[in-house]
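S.K.: sequence plus predicted model, see below.
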Amino acid sequence: MTFHVENDAVSEDTITKLSPAEWRQKILGSITTTNNPTVFLLPSPAFHNNLDYLLRGLSYAIPPSQTFGAVASTVSSLSRARLFQYSKKNTNSSFDEGGSSSLKHTHGRGCVGVLFQGDAAFDVFIARGAKPVGGVYRIATGEGSIIRSLTLDEEMLLEKNGAARTGKPRPPLAEANYLLKNILSDDEATFMKSTLLIGVENNKNGSNSTDNDLDSLSQGGGHAYAVYQVANAGMKDGSVTLPLGSVDLQIGQRVRFFVREAEFAKQELHALWSGYQQVRSTSATPTGCFMFPSLDRGVKLFGGKPGYESSIVSENFIPNVQSISGFFSNGVIGPLNGVSPALEISGVASEINKPAVLHGSATCYAVIKSKSNRPRYLPGQIEEIISQDPSPNTQNNNKSPKDLSLLYGEKAPRAPDGELILRRREIHSGRSLTVSTVEWSVAEKKAVPTSALEGWMWEKETEVDRFRERVPLANLLSQVKQFMDVTKPRDWAGVTFSHSDKAFFTIIPELKRSEPQQGALRARYKPAQLVEELSDIATSLSVNSDGLIFGGSLDDVSTVRLATTLPILVSDLILYPYQLYQMRLAGADAVVFVTAALSTKDLVYLTKISSSLGLQSVVSVTSEVQLDRIVESNVNVSSIASLVVSNRNWEDFSVDESGEQALRILRSNSMALLLKKFPGVRILVEGRVGLIQKEGNTSEYVKALKESGVSGAIVSRAFATMSKQKIGDFFSLNR
């Protein structure tokens, strides 16, 4: 049964002045409720200010109900959400649609709700992706939803220059500022500067609780802390105010600071569903699942191709469920601590009559079950539900390893030669949008990238367009000309391969902030400091300047250029000459071209532009087909300074952890033909060199590369895990 609530229909008065029966009559009309109903809500964004009154009213008037839902999203702030409602016709209603037995409505405001009764049951839980950072605090002073000062709860040594922090009360903003400067990684600090999240312990007395959310979730419990975004901060006294009415703080209650982070969100996703498998009743098999992520999740949070969350859930935790449905939203509605009251997990779940809350950045899952465990209906057949679910452990352990690309949905389209089919420019379409008396044309992104590389290309093209708007090409060329008059490029290839011993294995450290699959490689990325550590052992450097996937920037190149005399190879996805001019101006000596992303014509053209700027060209390949394209092209023999053979898979940014991809390419006939046309080219390998082991030793893989004619390797992730001493040993050992 469905219902609709107007914006002004609910208020504080509807809860304090009406009885439960009167509230139900006012809001639900003639709908009769039974015990244990479940309410799904779909509010419009404009209903946001009234949503709390509706949630409290449902808890007050229809106990013991549980509520979940999602706030409708729109294409832009100028457009309005449209809510669709379908319901059986009320015989007492004067509304008549041609004698139809049903009613169809379209609403531009308010909230549409669905009341589930009878045999349907829902297990509802929330994934937030909020990672605790810093220490555990207790509220020292404050009232209502205001925190004025905090004290450290435990003997936690948060060190600064060797001095430990004491338990002296401090304003929350002072503690947040301390974390920003001394504790948080670059990515965490960037998030906290834009959004301050504070978690309040759900168990107010602080007993029998865990401060590790992942442990609690994996055991079937809820989140230990309810996370709120700070609504207001006092610049004078350093106090913070949580959303009014969201919480009633108590002196001595535990709190923590939180940030949202992709890797933690993935761990939370696994922990949440693993815990659900442990505690859910085996007498009722899941038959479906609703999934409502907020707009800042999906590819924006997890990276890669679309469908990460739904694929993980459907393939690993509820593989027998035929349908997972939902949509991206402006916020999700669910239990405060992220656990459905219906689960009744070890006393951790919220009280049954506690109202649901709005979570600004999260995913709401609602698993549908039958209370009576009746057979489920599938198109064309009725499947008998097995009497007891297979154990999650035995069920998953028997599954064979999956192709990593399947985590993100269907495989990317490929040409007959096996190469990815790539579209260079994302397709935009528009639709009309009427605001008052003005009609606008709103651009919509309907095209979906079929591979990680294609998505990267689209984003890179947009990035270059924005650079051109800020600095026109003519202005950039003028700056480059002046720069070239006073600054000469360094001989990157000559220095890199200067050793007289042809068997000498050159190691080129790459300065890179992050990796798509692993996130940040270092807690704090300081290029100048890294250069200082590597200057005594490296002969040349590589700097990744891509800010879309790898977290770099051209400023990193300029910083390194000022900090060292070593020649610099700049790595990025180069699609236009404009980028080459930018790199030359930033201080690049050589650049990398990704062959997989360029047509043969573009590769020839860009290498010519590179040579005219005094930049050396390094070409990266991931297949034998790409080698054949280079051989068959008109690329000048002297234009290629080096060839990089990569272990990366451009379909999903994964890296071949065995290293066999590079070895296969190196030993191919295509490589022999390329070396015949470019006899002087030196070969490098990139992708987990220093981490890949053969026969239990990383040096054996380097030995196999040497035997295949490789002159060196570009290494990034391995250095991020090593101390300065180990880096020196690695250089010495593999040479």
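M.R.: Sure thing, it's come through. Residues are numbered from 1 along each chain as shown.
S.K.: can you count the residues close to residue 707?
M.R.: 11 (other C-beta atoms under 10 Å). Placement of C-beta: from N, CA and C, glycine included.
S.K.: my bad, residue 703
M.R.: 15.
S.K.: and the nearest residue to it once chain neighbours are set aside, what are its bridge partners?
M.R.: Leaving out its chain neighbours, the residue that sits closest to residue 703 by C-beta to C-beta, 6 or more residues apart in numbering is residue 694, at 7.9 Å. Residue 694 has these beta-bridge partners by DSSP bridges: residue 697.
S.K.: and residue 694, what does it touch?
M.R.: Contact partners of residue 694, counting by C-beta atoms under 8 Å, 6 or more residues apart in numbering, are 659, 700, 701, 703, 704.
S.K.: so how do I select the buried members of these in PyMOL?
M.R.: Those of these that count as buried under 16 or more other C-beta atoms under 10 Å are selected in PyMOL with:
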select buried, resi 659+701+704
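S.K.: ok, which pair from the contacts of residue 694 is furthest apart?
M.R.: Based on C-beta to C-beta, the longest span within these runs between 659 and 703 and measures 11.8 Å.
S.K.: just checking, residue 199 touches residue 229?
M.R.: No - at 10.8 Å, residue 199 and residue 229 do not qualify as touching, with contact defined as C-beta atoms under 8 Å.
S.K.: quick one, what contacts the spatially most central residue of the chain?
M.R.: Residue closest to the mean C-alpha point of the chain, counted by C-alpha atoms, centre = their mean, is residue 301 at 1.7 Å. Neighbouring residues of residue 301 by C-beta under 8 Å, 6+ apart: 129, 260, 262, 265.
S.K.: right, and the helix or strand after the helix or strand where it lies?
M.R.: Following DSSP states H and E, one finds residue 301 within helix 299-302. For helix 299-302, the succeeding helix or strand toward the C-terminus, using DSSP H and E, is helix 308-316.
S.K.: mind listing what's buried along that next one?
M.R.: Residues of helix 308-316 classed as buried: 308, 309, 310, 311, 312, 313, 314, 316 (neighbour count, 16+ other C-beta under 10 Å).
S.K.: distance of the second one from residue 589?
M.R.: Read it as residue 309. 42 Å (C-beta to C-beta, to the nearest Å).
S.K.: can you check the first one too?
M.R.: With distances taken as C-beta to C-beta, residue 308 is found 38 Å from residue 589.
S.K.: just the third one next, same as before
M.R.: With the distance defined as C-beta to C-beta, residue 310 ends up 45 Å from residue 589.
S.K.: before we move on, what about residue 461?
M.R.: 26 Å.
S.K.: what's the answer for residue 536, then?
M.R.: For residue 536, the distance to residue 589 - C-beta to C-beta - is 20 Å.
S.K.: between these two, who's got more neighbours?
M.R.: Neighbour tally, residue 536 and residue 589, criterion other C-beta under 10 Å: the higher count belongs to residue 589, 26 against 9.
S.K.: for that one, give me phi and psi.
M.R.: phi -110, psi -30 (degrees, to the nearest 10).
S.K.: residues contacting it?
M.R.: So, once contact is read as C-beta under 8 Å, 6+ apart, residue 589 ends up touching 489, 490, 491, 492, 567, 568, 569, 615, 616.
S.K.: equivalent analysis for residue 484, please.
M.R.: 584, 613, 614.
S.K.: now do the first one, the pLDDT please.
M.R.: Reading off the confidence values, residue 584 has pLDDT 96.
S.K.: thought it was touching residue 614?
M.R.: Yes - under the criterion of C-beta under 8 Å, residue 584 makes contact with residue 614 at 7.4 Å.
S.K.: between the two, which one's more packed in?
M.R.: residue 584 (24 against 15).
S.K.: each with direction, which strands does the lengthiest strand in the chain pair with?
M.R.: Looking across the chain with DSSP state E, the single longest strand is strand 130-143. Within its sheet, strand 130-143 is paired with strand 146-152 (antiparallel), strand 254-260 (antiparallel), according to DSSP bridges.
S.K.: avg pLDDT for the last one?
M.R.: Predicted confidence along strand 254-260 averages 91 (mean pLDDT).
S.K.: the stretch 251-400 of the chain: helices as residue ranges?
M.R.: Ranges of helices in the stretch 251-400 of the chain, per DSSP state H, counting those that start in this stretch, are 262-279, 299-302, 308-316, 392-397.
S.K.: for the stretch 551-700 of the chain, same thing?
M.R.: Counting by DSSP H, counting those that start in this stretch, the helices of the stretch 551-700 of the chain are 554-563, 577-586, 600-612, 624-632, 660-666, 669-677, 698-707.
S.K.: in terms of neighbours, single out the busier of residue 199 and residue 229.
M.R.: The neighbour count for residue 199 versus residue 229, taken as other C-beta under 10 Å, is higher for residue 199 (22 against 14).
S.K.: mind listing the residues bridging to the more buried one?
M.R.: residue 227, residue 256.
S.K.: from residue 498, how far off is the closest residue in space to residue 557 that isn't next to it in sequence?
M.R.: Once flanking residues are discounted, residue 557 sits nearest to residue 586: 4.1 Å by C-beta to C-beta, 6+ apart. According to C-beta to C-beta, residue 586 stands 24 Å off from residue 498.
S.K.: any low-confidence regions in the stretch 301-450 of the chain?
M.R.: 304-305, 337-354, 375-410, 426-446 (pLDDT under 70).
S.K.: okay, strands next: where are they in the stretch 351-500 of the chain?
M.R.: Taking DSSP state E, counting those that start in this stretch, the strands of the stretch 351-500 of the chain run over residues 357-359, 363-370, 376-378, 381-383, 428-435, 438-445.
S.K.: and stretch 295-304, what's buried?
M.R.: Applying 16+ other C-beta under 10 Å to stretch 295-304 flags 297, 298, 299, 301, 302, 303, 304 as buried.
S.K.: from the chain's centre, how far out does the longest strand of the chain sit?
M.R.: 25 Å (C-alpha atoms, centre = their mean, to the nearest Å).
S.K.: can you check what angle separates it from helix 262-279?
M.R.: On the basis of axes from the mean of the first three to the mean of the last three C-alpha atoms, to 10 degrees, strand 130-143 is oriented at 90 degrees to helix 262-279.
S.K.: return the set of buried residues in strand 130-143.
M.R.: Buried, per 16+ other C-beta under 10 Å, within strand 130-143: 130, 131, 132, 133, 134, 135, 136, 137, 138, 139, 140, 142.
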